[in-house]
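Trainee: Here is a sequence with its predicted model. Questions after.
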Amino acid sequence: MSELWRHDATALAELIRSKEVSAVEVVDAAIDRTEALNPQINAVISDRFERAHDEAVNGRTGQFGGVPLLLKDLGAAQEGEPFWLGSAVLRRADHRAGVTSYYVQSLLDAGFIVIGRTNAPEFGTNITTEPVSTGATHNPWDLEYSSGGSSGGSAAAVATGMAPVGQASDGGGSIRFPASYCGLVGLKPSRGRVSKGPLAGDGWAGSTIDGALTRSVRDAAGVLDVMAGYRSGDPYTAPAFARPLAEEIDEPLGRMRIGVLDHPLLQAARHDPVVTATVRSIADLLSEHGHVVEEAWPEALAEEEFQTRFVDVVKGSIAQQLRSIERMLGRSVELEEIESDNRVFVELGRQLPAYRYVESVDWLQAYGRRVAKFFEIDGYDLLLTPVAPRLPPKLGYLSDPKLGLDRQLEFLGFTGQFNVSGQPTISLPLAMNAGHPELPIGIQFVAAYGREDLLIRLGSWFEYVTPWADRWPALAFEGGRR
């Protein structure tokens, strides 16, 4: 029983189905572990332990019947549960969701039992998880460092075995940064793969998508199989998989043509030589196994105007987000009630002319076509890059009220571009920094739109060639003592 935390969701579900363990034992073990470890890392900000225990007692059927799950406090609405969006304003009001998100309902229908909600930066606009409202989430590999954002709470929780799956979302890297920093599998699905209903049709002009953080590739596949699919009224949806993603595990890769980009192209980005060297080592490994590996990438990734246009969409969206919160609360919200970075976004968003916003959306859509050309016309199967050009920063570096917003640009260059193009990407925990700090390094692979199947096959191959299942932070073995 003390080792249940080592199992992925697929294994736990099979143990429950075979009656080797009960759902109650699995859920109670996850609750005990969360209570022991969470004070160290601050990953879970609200719990539903008693209700989760009762749901386990009553029994849950489905593919993942009885398996514990954590939901991110950003968009993953569950009726009657806290819905704070990382915001002190909503937390003080103890705001509760009035509906359940379609994909959350799909997870519940598959048998998952939600044990709590995880920490997220206010409105999801930071690549670290350090909200004023609930405090910083610590990286379990080294508590002085960031766990990434905006899904940093889910990542830290899964990395320590509180639950095998942490729901996550990604508008510019928010699944992949935490996966990279915490040593997890982070699959960002294609645009429209997961419905955002009934609360929204899309987010950030189609750049945001929901998914999960897991420790195994098979869990990433199985969870997306559950979450994916069109719902009535969706403005767009990704083409259905030819077969379930779970059936892609251990399938042959075939000989692939892979482009490699090991350094950032945008001027503001900074890179560590250790990250570049890690990307080169993975490229060499793929070459040794017969794949065609070339130094090549979409030329559009060097276009500096991307950042300006993307920020137009973000600041317009955050200004609208605050209006939405005012409707939720039935009162106006003063700028001083939100965090400094978002205050800037709101002020700029309110000044943004409508024609400029539409112009930027049009520009980004054309940009996405220029990026996609590399795969769909130039004939590359995959692009290999770092997730971030630098190792994780210490807590406080990206949340600095004066410098944090500009400092985020140092870490960007490989993620948001593929939110805009709508392509699926995956972060795989393929390396560790050998020096100090001893932190994971996530490697990103990008596929053509709709080709999550290729990413799952690739991830499954890496899981065999460079296994990471037994790689855990020391904190995971210390039962919360550090």
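Mentor: Thanks, I have the structure now.
Trainee: Sketch out the low-pLDDT regions of this protein for me.
Mentor: 1, 479-482 (pLDDT under 70).
Trainee: one more time with 50, if that's ok
Mentor: Per-residue confidence of the chain (counting by pLDDT under 50) places the weak regions at 480-482.
Trainee: separation between the most centrally placed residue in it and Gly450?
Mentor: By Cα atoms, centre = their mean, the chain has its centre lying nearest to Ile175, at 1.5 Å. Applying Cβ to Cβ, to the nearest Å, the value for Ile175 to Gly450 is 18 Å. C-beta here means a position set from N, CA and C on the backbone, and glycine is covered the same way.
Trainee: hey, which helix is longest across this structure?
Mentor: With residue count as the measure and DSSP state H as the assignment, the chain has helix 305-329 as its longest helix.
Trainee: would you list every one of the helices in the stretch 351-482 of the chain?
Mentor: Using DSSP state H, counting those that start in this stretch, the helices found in the stretch 351-482 of the chain span residues 354-376, 404-408, 416-421, 452-465, 474-477.
Trainee: Among those, single out whichever gets nearest to Arg51.
Mentor: Distances from Arg51 to each of those were compared using Cβ to Cβ; the shortest belongs to helix 474-477, at 25.9 Å.
Trainee: All the strands of the protein, residue numbers only.
Mentor: In the chain, the strands defined using DSSP state E lie at 44-47, 68-72, 113-118, 165-170, 185-188, 209-214, 257-260, 292-294, 382-386, 425-432, 440-447.
Trainee: for those strands, which one sits closest to Trp461?
Mentor: Ranking these by proximity to Trp461 (Cβ to Cβ) places strand 425-432 first, at 10.2 Å.
Trainee: Just the buried positions in that closest one, please.
Mentor: Neighbour-count burial for strand 425-432 flags Thr425, Ile426, Ser427, Leu428, Pro429, Leu430, Ala431 (criterion: 16 or more other Cβ atoms under 10 Å).
Trainee: Strand 209-214 and that one, what's the angle between them?
Mentor: For strand 425-432 against strand 209-214, the angle by axes from the mean of the first three to the mean of the last three Cα atoms, to 10 degrees is 30 degrees.
Trainee: Relative to strand 425-432, what are the paired strands and their orientations?
Mentor: As defined by DSSP bridges, the strand partners of strand 425-432 come to strand 185-188 (antiparallel), strand 440-447 (antiparallel).
Trainee: could I get the ones you listed as JSON lines with distance to Asp470 and mean neighbour count?
Mentor: JSON lines is the format used below for the strands paired with strand 425-432 (distance: least, Cβ to Cβ, whole Å; neighbours: other Cβ atoms under 10 Å):
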{"stretch": "strand 185-188", "distance to Asp470": "15", "mean neighbour count": "31"}
{"stretch": "strand 440-447", "distance to Asp470": "14", "mean neighbour count": "25"}
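Trainee: CSV for those strands, including distance to Leu15?
Mentor: CSV is the format used below for these (distance: least, Cβ to Cβ, whole Å):
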stretch, distance to Leu15
strand 185-188, 21
strand 440-447, 27
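Trainee: out of those strands, which comes closest to Ile338?
Mentor: Scanning the strands paired with strand 425-432 with Cβ to Cβ as the criterion, the closest one proves to be strand 185-188, at 26.6 Å.
Trainee: What about Leu37, how many residues nearby?
Mentor: Per other Cβ atoms under 10 Å, the neighbour tally for Leu37 reads 25.
Trainee: Correct me if wrong: it contacts Met162.
Mentor: Yes: using Cβ atoms under 8 Å, Leu37 makes contact with Met162 at a distance of 6.2 Å.
Trainee: ok now do Val292, which residues does it touch?
Mentor: Residues counted as contacts of Val292 (Cβ atoms under 8 Å, 6 or more residues apart in numbering) are Arg255, Met256, Arg257, Ile258.
Trainee: looking at it, the last one is touching Asp381, isn't it?
Mentor: Yes: judged on Cβ under 8 Å, Ile258 makes contact with Asp381 at a distance of 6.4 Å.
Trainee: Would you mind confirming that the residue nearest to the centre of the chain makes contact with Gly166?
Mentor: No: with contact defined as Cβ under 8 Å, Ile175 does not reach Gly166; the gap is 9.9 Å.
Trainee: overlap in contacts of these two?
Mentor: In the contact map built from Cβ under 8 Å, 6+ apart, the residues linked to both Ile175 and Gly166 are Ser151, Ala212, Leu213.
Trainee: Now neighbour count and distance to Gly135 too, for these, in TSV please.
Mentor: Written out in TSV, the entries for these read as follows (neighbours: other Cβ atoms under 10 Å; distance: Cβ to Cβ, whole Å):
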residue	neighbour count	distance to Gly135
Ser151	38	16
Ala212	33	24
Leu213	36	20
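Trainee: From Phe310, how far off is the nearest residue to Ser317 once chain neighbours are set aside?
Mentor: What sits nearest to Ser317 in space, not counting adjacent residues and going by Cβ to Cβ, 6 or more residues apart in numbering, is Trp204, at 5.2 Å. According to Cβ to Cβ, Trp204 stands 8 Å off from Phe310.
Trainee: shared neighbours, these two?
Mentor: By Cβ under 8 Å, 6+ apart, the residues touching both Trp204 and Phe310 are Gly172.
Trainee: the helices in the stretch 201-350 of the chain, which residues?
Mentor: Taking DSSP H, counting those that start in this stretch, the helices of the stretch 201-350 of the chain run over residues 217-227, 273-288, 305-329, 340-351.
Trainee: contacts for the longest one?
Mentor: Applying Cβ under 8 Å, 6+ apart, the contact partners of helix 305-329 are 85, 87, 89-90, 93, 95, 123, 125, 171-172, 203-205, 207, 266, 268, 300, 332-333, 338, 342, 344-346, 348-350, 352, 356-357, 360-361, 363-364, 367, 409, 412, 416-417, 420.
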